[in-house]
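Q: sequence plus the predicted model coming up.
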Amino acid sequence: MSEIRILAEGVSSNEMFILNLLIRSFHSNYAKSSIKGSKYN
């Protein structure tokens, strides 16, 4: 996580906001798919 913070220091807050939204949606989609996968397994 520290590497991400270092890279993000040069990024504007608006871009960070969009990036956080993308990361959140990715994680929620990944969690949903893994839950579905565990149901079928």
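A: Perfect, thanks for sending it.
Q: can you give me the helices for this structure?
A: Ranges of helices in the chain, per DSSP state H, are 2-8, 13-40.
Q: same list (those helices) but as CSV, adding mean pLDDT and mean neighbour count.
A: C-beta here means a position set from N, CA and C on the backbone, and glycine is covered the same way. Conversion of the helices of the chain to CSV gives the following (pLDDT from 0 to 100; neighbours: other Cβ atoms under 10 Å):
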stretch, mean pLDDT, mean neighbour count
helix 2-8, 66, 9
helix 13-40, 81, 10
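Q: report the contact partners of Ser2.
A: If you count contacts by Cβ atoms under 8 Å, 6 or more residues apart in numbering, Ser2 has none.
Q: can you give me the distance of it to Leu19?
A: Separation of Ser2 from Leu19 (Cβ to Cβ, to the nearest Å): 16 Å.
Q: check Lys36 too.
A: Relative to Leu19, and taking Cβ to Cβ, Lys36 is found at 26 Å.
Q: go on, Ile35?
A: Distance of Ile35 to Leu19, computed by Cβ to Cβ: 25 Å.
Q: next one: Ser38
A: Taking Cβ to Cβ, one finds Ser38 at 28 Å from Leu19.
Q: now do the same for Ser12: its pLDDT.
A: Note on Ser12: pLDDT of 71.
Q: give me the number of residues near it?
A: The number of residues packed near Ser12 is 9, by other Cβ atoms under 10 Å.
Q: done for today, thanks.
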